[in-house]
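> requesting a structural model of the entry that follows:
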Amino acid sequence: MTRNMEATISLNRIIRPGPRLRNHRWATILAGGDGSRLRALTRSVSGDDRPKQFCPFLWGQTPLELTTARVARVLSPDRTLYVLSRRHESHYSQQLVGVPSSRQVVQDVDRGTLPAIMSSLACIVSQDPDAVVAFLPSDHFYQNEAKFLDGLNRAFEAAETSPDSVILLGTTARLPEPSFGYIEPVAAFRPVREGHLRSVRRFWEKPEPQLTQQLVDRGCLWNTFVMVARAQSFLKMIKAAVPATYSAFRPLFSAGSPHQTLLEQIYRHIRPSDFSKRVLSSGRNLTLASPLAVLNLGDIGWTDLGEPERVQTLLRGSASAEELSIPGALPYPYDVGNFCPIVQHLQ
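Just a heads-up that it's a prediction; the model follows:
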C-alpha cells in the first residue's frame, strides 16, 4: 500500500468534531477581482462598469450577495471576512451594510489571490490561532447548494480531524472545458468516489483544448477553488512554496484586525501572485507527503461565472430561482438573449 493511498484512507475515516472545534470555523470570501470579461454584461444590467460580483444579474441578486447568504447557512457572519479592492468601494459598501471594517480586508490594488489569502489569514490568525478557514470565490454558482454545503461541512470536519491536510473541493467535470482548472487525484484501484477524499497528483490550470477530454476520461475533477484547512496549515504550505511572500506579510500577524497602513506598505512592495500557480502547483506541495487532498462533490451544477456565455447558459438552462431555493430572488427582468452584446455576437 502506497503512502498516498494510506493518506487517502485515513482522511476518509472522519470523526465528527465537537463544538469546541466547530467554534474555530472561519470563511474568507474573495471579492477583489475586476471581472473585466463580463463588463458588457454589467454595463447593460447596472449602467456602469462594476465588477461582476457586484452586479445583480442572478435573479435580481449579485453573486456576492448569493455567496454571502450561502456561507451564512453554515458559518457565523461574525467569522466571515471579505477581501475587497478599494476602487470598488462604491459598489461593495452598498452590499456589505452592517459588516464592520474589522471583517473587511481592503486592498489598495489587486495583487492576485496569494496576497489576498495571506492578508486574510493574518487577520484571522491574530484573532484565532486555532482557526480552520474556508476560502470561497465570490463569483461562482452552485445549482445544488445543499449538496455543496454538505461537502463544505465535510471538508471542515476533515481539516479539523486531520490537522496537516488542505482540502480542495472538486466537482464532476461534465464536459472538456479548457477554461476551467482540473485536479488530478492520485490513481488508485478506481476513480475517487463522490463524497470521498483522495490525495492530489497534480493541477491542470486551463489546459490546452486537445488535452481536456483526456483529463475528463482520467477522472480529473473541476477545481472550484474552494479550499479548507487549518490556518496554520495554509501558512506552512505558503512558507514552503513562497518564503519571500510569507515573510513580507509577517508584520500583519501581530496587528490584529486589518491594519490598513501596514497592509498598504506591504502591497507597495510585492508583485502580483496567483495562489494556484505559486502554492498549490508548487513541486514542494505535490510529493508523496503532500498535504493536499481533493473532496469529490459529484455533480452539483457548479460553474465559474467568468465568461459571458456561461452566464447565458446558466440563465437559459437552469431552473427558476424558486426551484433553486434562492432566498429573496426576483424574477429575472432582462431578455437574456439581448442583455449582453458579447453574448449576441457569440450566437
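
> give the other helices and strands that the longest helix seen in the chain contacts.
Among the segments of the chain that qualify as a helix by DSSP state H, the longest is helix 145-161. Identification of packing neighbours for helix 145-161 by 3 or more C-beta pairs under 8 Å, 6 or more residues apart in numbering; DSSP states H and E yields helix 19-22, helix 63-72, strand 132-137, strand 166-172, strand 221-230, strand 292-296. (Each C-beta comes from the backbone N, C-alpha and C, glycine too.)

> among these, which comes closest to Ala40?
helix 63-72 (16.4 Å; C-beta to C-beta).

> how far off helix 145-161 does the closest one point, in degrees?
60 degrees (axes from the mean of the first three to the mean of the last three C-alpha atoms, to 10 degrees).

> please determine how far Leu280 is located from Thr212.
According to C-beta to C-beta, to the nearest Å, Leu280 and Thr212 sit 19 Å apart.

> what about these two, which has more around it?
Leu280 (24 against 21; other C-beta atoms under 10 Å).

> what residues are up against the closest residue in space to the more buried one that isn't next to it in sequence?
Distances taken as C-beta to C-beta, 6 or more residues apart in numbering place Phe203 nearest to Leu280, at 5.7 Å, with adjacent residues excluded. Phe203 makes contacts with Gly181, Tyr182, Ile183, Glu184, Asn223, Ser276, Leu280, Ser281, Leu286, as judged by C-beta atoms under 8 Å, 6 or more residues apart in numbering.

> look up phi and psi at the first one.
Which is Gly181. For Gly181, the backbone dihedrals (degrees, to the nearest 10) come out as phi -90, psi 150.

> I figured it was touching Asn223, is that so?
Yes: between Gly181 and Asn223 a contact is recorded at 3.8 Å, counting by C-beta atoms under 8 Å.

> which one of the two is surrounded by more residues?
Applying other C-beta under 10 Å to Gly181 and Asn223 shows that Asn223 carries more neighbours, namely 24 against 21.

> spit out the contact partners of the more buried one.
Leu168, Gly170, Phe180, Gly181, Tyr182, Ile183, Phe203, Ser276.

> so it versus Phe203, what's the distance?
In terms of C-beta to C-beta, Asn223 sits 7 Å off from Phe203.

> next, count neighbours for Gln143.
Gln143 has 17 nearby residues by other C-beta under 10 Å.

> who touches the residue lying closest to it once chain neighbours are set aside in this structure?
For Gln143, ignoring the flanking residues on the chain, the nearest one in space by C-beta to C-beta, 6+ apart is Gly301 at 2.5 Å. When contacts are counted by C-beta under 8 Å, 6+ apart, Gly301 touches Phe141, Tyr142, Gln143, Asn144, Ser318.

> just to revisit the earlier point, can you add distance to Leu175, pLDDT and secondary structure and give the contacts of Phe203 back as CSV?
Listed next are the contacts of Phe203 as CSV, based on distance: C-beta to C-beta, whole Å; pLDDT from 0 to 100; DSSP: H, G, I helix; E, B strand; the rest coil:
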residue, distance to Leu175, pLDDT, secondary structure
Gly181, 15, 91, strand
Tyr182, 12, 94, strand
Ile183, 16, 94, strand
Glu184, 17, 92, strand
Asn223, 15, 95, strand
Ser276, 21, 90, helix
Leu280, 23, 89, helix
Ser281, 23, 83, coil
Leu286, 26, 62, coil
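
> in this structure, which spans are helices?
In the chain, the helices defined using DSSP H lie at 3-12, 19-22, 39-46, 63-72, 89-95, 113-127, 145-161, 209-217, 231-241, 243-249, 260-268, 275, 308-317, 341-346.

> from the contact counts, what lies against the fourth one?
Which is helix 63-72. With contacts taken as 3+ C-beta pairs under 8 Å, 6+ apart, helix 63-72 sits against strand 25-30, strand 80-85, helix 89-95, strand 132-137, strand 140-142, helix 145-161.

> pLDDT on that helix, on average?
Across helix 63-72, the average pLDDT comes to 96.

> ditto for stretch 83-92
Mean pLDDT, computed over stretch 83-92, is 95.

> what's the span of it, first residue to last?
11 Å (C-alpha to C-alpha, to the nearest Å).

> residue contacts, Thr148?
To be clear, residue 148 is Phe; Thr isn't right here. Arg70, Tyr142, Leu169, Leu297, Ile300, Trp302.
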